[in-house]
Structures are given as structure tokens and as C-alpha cells.
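Visitor: quick one, structure for this:
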Amino acid sequence: MPIVEFDNVTKSYKSGEHELKALNGISFSLDEGKFVVILGPSGAGKSTLLNLLGGLDSPTEGTIKVNGRDISTLTDNELADYRAAAVGFVFQFYNLIPTLTVYENVKLVSEISKNAIDAKQMIAEVGLIDHLHNFPAELSGGEQQRISIARALAKNPKILLCDEPTGALDSETGVMVLKLLLSMAKNHGKTIVIVTHNQSIAKMADVVIRVKNGKIRSVEEQSEPMSADEVEW
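Guide: All right, here's what the predicted structure looks like:
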């Protein structure tokens, strides 16, 4: 059974008498443990799609099932529980708490997740165990992004949602972060969903979903995606 199923999902926003359909009748499914890229220009509906999957918003029409559970009908409190238990978020800007150490930033998720993974284990997983007691300002941009990934994964989510996770990084550091995300899909069974306009990242994906004007233009499965080292950046 797919871990994610969108069925005829529409998301509309009203401004006075005008209605904008950010997403218009989209349907697709994703299997567990896949590295997925949602690709499209600005304003295409990529972030709206990610917000719906992450339980940050609810659809106007249609159903969204995650692990067989319809999240499109959940209350605000139920969506908060869903976000805490099932989904991790990684954004372009790292959202680390500047007054907390690396360890404290990652350990924080144990307060909201019942199945949290040990913070030190996840920090070691992203290769920064020597920086446990550093503050975010003492880290490079790439190191801060890796800590934000460790924090998201420490929740032990089934799905990791990433909105332009390499957008603020140089290409070399971005490749390092993408390798880490790819490893989480291949070696740890996480479903990684990345929203981006970067065509190069799409070459690494198991599945590429192309979005334009609120509609899905194509869903492409790639049997032999490139590695991060093979892609021209």
C-alpha cells in the first residue's frame, strides 16, 4: 500500500470575490522509502502541496491519505498530533534556536514525539558529533542544515518534507546535504519529499512530480536515478 495518496485534491484561497486555486484536482501516490522531488516554477503550487502533506493546511476538496489514514478531515488538534508523530520538516532556512546548543536543539523534539530517536545518535548520523556543545552561530550554513535534518529525523518520522533544503547553500555543501537525505531514504526507509525548482536535484530522484499552475503535469519514475556525484551542478 502506498504511504501517500492524493485523490482529486484542490486547495482554493478566496480574496474578496476572487478565488485562486493553488492546487486544482491533483492525484498521485508515493511508496515508502522513495526519494521524491516535486519540481516546478515559483507559484506552481509546490509549497501548497507540501503544506497539505505536512498537515500544515487542509484541502478544500479531495482526500489525502498517509499510511492509510485520511488526514484531510482531521481537526487542528489531530493535525498537530499527526505532525508530531509522522512528519519531519526541513526548510531552506534552518530555524535552529540560537540560544540552544546543537544537542539541545535536536533533543528538543523528544518533548513532542513519543518515539524520538536519541539526539546524540542522530547528530552522529549527520557527522557532527564533535559539535554537540556548539551554538548555531558557531557552525557553517551546511552544518546548520545538517543539524536541522538531524532534528527533523530525531522525531523518527515516516516522511521527511524538505522545502528548498539546499537553496541557501553553495553547490559543494548542497551535494553533501543531498547525499545525507538520499541515504535516509535508501538505508533507513524514510520517504523523502523535496520541493525545488532545481532540475539537477530531480535527476537523483526515484520519482519526479512536475507541477505547473496548480496541476500535476507528470509523475515520472526513474529506475536508475543518478547519484549526487554524477549530477552536474
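
Visitor: and the helix or strand of the chain with the lowest mean pLDDT, what does it pack against?
Guide: Sorting the helices and strands of the chain by mean pLDDT, DSSP states H and E puts helix 171-188 at the bottom, at a mean of 85. Judged by 3 or more C-beta pairs under 8 Å, 6 or more residues apart in numbering; DSSP states H and E, helix 171-188 is in contact with strand 35-39, helix 141-154, strand 159-163, strand 191-196. Every residue, glycine included, has its C-beta placed from N, CA and C.

Visitor: kindly reformat these as TSV containing mean neighbour count and distance to residue 26.
Guide: Listed next are the helices and strands packed on helix 171-188 as TSV, based on neighbours: other C-beta atoms under 10 Å; distance: least, C-beta to C-beta, whole Å:
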stretch	mean neighbour count	distance to residue 26
strand 35-39	25	11
helix 141-154	23	25
strand 159-163	24	16
strand 191-196	25	14
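
Visitor: a markdown table for the ones you listed, including mean pLDDT?
Guide: Converted to a markdown table, those look like this (pLDDT from 0 to 100):
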| stretch | mean pLDDT |
| --- | --- |
| strand 35-39 | 95 |
| helix 141-154 | 90 |
| strand 159-163 | 93 |
| strand 191-196 | 94 |
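
Visitor: what residue lies at the spatial centre of this structure?
Guide: The centroid of the chain falls nearest to residue 161 when counting by C-alpha atoms, centre = their mean (1.1 Å).

Visitor: next one: that one from residue 4, what distance?
Guide: Distance check for residue 161 against residue 4: by C-beta to C-beta, to the nearest Å, it reads 11 Å.

Visitor: need the residues touching each of those two.
Guide: Common contact partners of residue 161 and residue 4 (C-beta atoms under 8 Å, 6 or more residues apart in numbering): residue 53.

Visitor: compute the first-to-last residue distance for stretch 155-172.
Guide: Distance between the boundary residues of stretch 155-172 (C-alpha to C-alpha, to the nearest Å) amounts to 27 Å.

Visitor: who does the residue nearest to the centre of the chain bridge with?
Guide: residue 89, residue 193 (DSSP bridges).
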